[in-house]
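Student: need a 3D model of the following:
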Amino acid sequence: MGGAPWRWSRSKSVRSSSSTASNDVMMEEVPRGSTETQRRNGFKQSHAKDRGVAITEDITNGNYLCSICTEPVLTGNTREYSMWHCVQCYNVFHFRCVKAWADASGTMGVLGYKSWKCPYCQHQYEKIPSASCWCGKESFDLNVAAAGKPNACLKTCERSGVCKHGNASLCSKKCHPGPCMWKCTAICDQLPARPIKPPGMISRFRKRFKERPKGKLPGVIAMFAIICAVYTALCFCGGADIEWFYQMRNSCNGLNTRILMNSAQNPRYKFTFQSLTKNVKDSTFYLANHLEPEPNTNNPFQYYQRLSGSTSTTPNIAIDIDMQHNLWRMISLNDTDIANNWTANAAKISSYVPGTKILQFPVVPMFKPINETVIRNGTFTDVTDAAKHMHIPELGLSIANMYMFYQKCSLEPFMRVFNTSGLQGDTKGMASLLDSKWQGQYDDKVVMRTASFGHGRQKLSMCGREGNVVDMGAQSVPVKEGMQDEMLVPFALMAAVRMRINETNYRSLDC
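Tutor: A predicted model of the protein is given here:
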């Protein structure tokens, strides 16, 4: 796809919209680990006999691939470069990948911890992984750059194990990946070494392959031909779904908050905000219609949609959307809005009468009085065939192709919210940005976007950038971790529009 070069932000978890280009790394300058690239630029996989040295060299040269996402494991000083390695098979993964793997595949153990298995060797772990150095003594944020090695601190490993005589010992290496070195103790001098384990099938195959006569590669050629034939067959049978998977898989890079909107067959008005940042807890938001009539007037916010929940900076917050008057407002609440939560979700779920198998309608809960304080309000532009983009001028945000979002279900996974704060008076620059071709790559101007991951159209998700995205000056509360409160406004707009589309049969949600 065309367009500007792909920039990878040095910090995905906390990013300011005022950051300069010096904080970005051009992806052309980042070494890639594919075989084609190695042939082109001369990079080769390390042939060091020591596994730990080989891992270090491959990561340093950009030739080590994460087995989960198949992207290079790169070294750096910010959190997106954090790594995790298995102490059993010594394979290295992106921390964000293995964290998502553990969260998705783990099961609750008897001790109350989430148990999960290494994606490579299936070694079982009893706790969710954390981003740390190789020896686990320092968190990634405290790594000492003077170590001279990726993801390493300056301390001695001291991981417990047994020496070749079977006696307990501590690893004497500096913080390192790969196998440990357990020194013998004084009592080992009188003991014979344990017999060496015979090489396995893979080791024997590698040895025979290296010792083969030069110029004879019939087995390798046959295997390559088989792989090519299988790949061609797969692409022929499932080409469209495979293409969808590849165009979507990297579309949310740099957007660390994930929101599952719904499946087409089962619309949801309960949304879970999940962050890839370690210290940010999941939060739940509810979307419901509200009717507060005022006789003989056309005042705003008599009929509106409310999105309510809590963020990392505001315990109880609500976004109201008045579509008829093109208005929005952000409200601080003194308590949980039980009425909105119940109307959005529990009011639509039947239950059994206690002690019986008889279904009953939802029971209305006891409501509490809620005090509302308007923090901020603003407008959003109407969309037509001639003006397809929706602008939120008070926040400096724009939703590209919002008119088509109303019209076509097939475009739902391709929506983008741009930060246009510096383009308010530049009509030509604004149009060029919002009319730009969709790309499944990182874009520093995109602060929120929809996606549908998997092979073919699946459930619709929303991805949002964390940190101080919208510059509101003194009005904005600084965000250390998690998504900024103002980012709820474009999400609430799209969620409310989608809810009304479904309720009024404006168009189908099933593509």
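
Student: identify the bridge partners of the nearest residue to residue 252 once chain neighbours are set aside.
Tutor: Excluding its sequence neighbours, the residue lying closest to residue 252 (CB to CB, 6 or more residues apart in numbering) is residue 463, at 3.7 Å. Just so you know, the C-beta spots here come from the backbone N, C-alpha and C atoms, and that holds for glycine as well. Taking DSSP bridges, one finds residue 258, residue 449 as the beta-bridge partners of residue 463.

Student: distance of residue 463 from residue 230?
Tutor: The spacing between residue 463 and residue 230, counted by CB to CB, to the nearest Å, is 33 Å.

Student: the more surrounded of the two?
Tutor: residue 463 (21 against 10; other CB atoms under 10 Å).

Student: contacts only, for that one.
Tutor: The neighbourhood of residue 463, defined by CB atoms under 8 Å, 6 or more residues apart in numbering, consists of 251-252, 255, 257-259, 448-451.

Student: how near is it to residue 449?
Tutor: Applying CB to CB to residue 463 and residue 449 gives a distance of 6 Å.

Student: identify the contacts common to those two.
Tutor: 251-252, 255.

Student: which one among those residues gets closest to residue 93?
Tutor: residue 252 (18.4 Å; CB to CB).

Student: pull the contacting residues for that closest one.
Tutor: 258, 449, 451, 461, 463.

Student: spatially nearest residue to residue 247 (excluding sequence neighbours)?
Tutor: In space, residue 247 is closest to residue 440, 4.5 Å off (CB to CB, 6+ apart).

Student: doesn't residue 244 make contact with that neighbour?
Tutor: No: checked against CB atoms under 8 Å, the pair residue 440 and residue 244 is beyond contact range at 9.9 Å.

Student: low-confidence regions, the chain specifically.
Tutor: For the chain, applying pLDDT under 70 flags the ranges 1-44, 108-113, 140-147, 186, 189-199, 207-220, 234-240, 263-268, 472-477, 511.

Student: hang on, residue 406 in a helix?
Tutor: Yes: the assignment for residue 406, made by DSSP: H, G, I helix; E, B strand; the rest coil, places it in a helix.

Student: same list (the contacts of residue 252) but as CSV, adding distance to residue 226.
Tutor: CSV is the format used below for the contacts of residue 252 (distance: CB to CB, whole Å):
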residue, distance to residue 226
258, 38
449, 39
451, 34
461, 36
463, 38
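
Student: so which residues of the stretch 151-300 of the chain form helices?
Tutor: Assigned by DSSP state H, counting those that start in this stretch, the helices in the stretch 151-300 of the chain fall at 201-210, 218-237, 239-248.

Student: which residues does the last one contact?
Tutor: It refers to helix 239-248. For helix 239-248, using CB under 8 Å, 6+ apart, the contacting residues are 234-235, 413, 440, 451-457.

Student: among those, which lie within strands?
Tutor: Mapping the contacts of helix 239-248 onto strands (DSSP state E) picks out residue 451.

Student: of the contacts of helix 239-248, buried ones?
Tutor: Neighbour counting over these (16 or more other CB atoms under 10 Å) leaves 413, 440, 451-453, 457 as the buried ones.

Student: report the two of these separated the most.
Tutor: 440 and 457 (14.3 Å).

Student: who's in contact with the residue nearest to residue 247?
Tutor: 1, 246-251.
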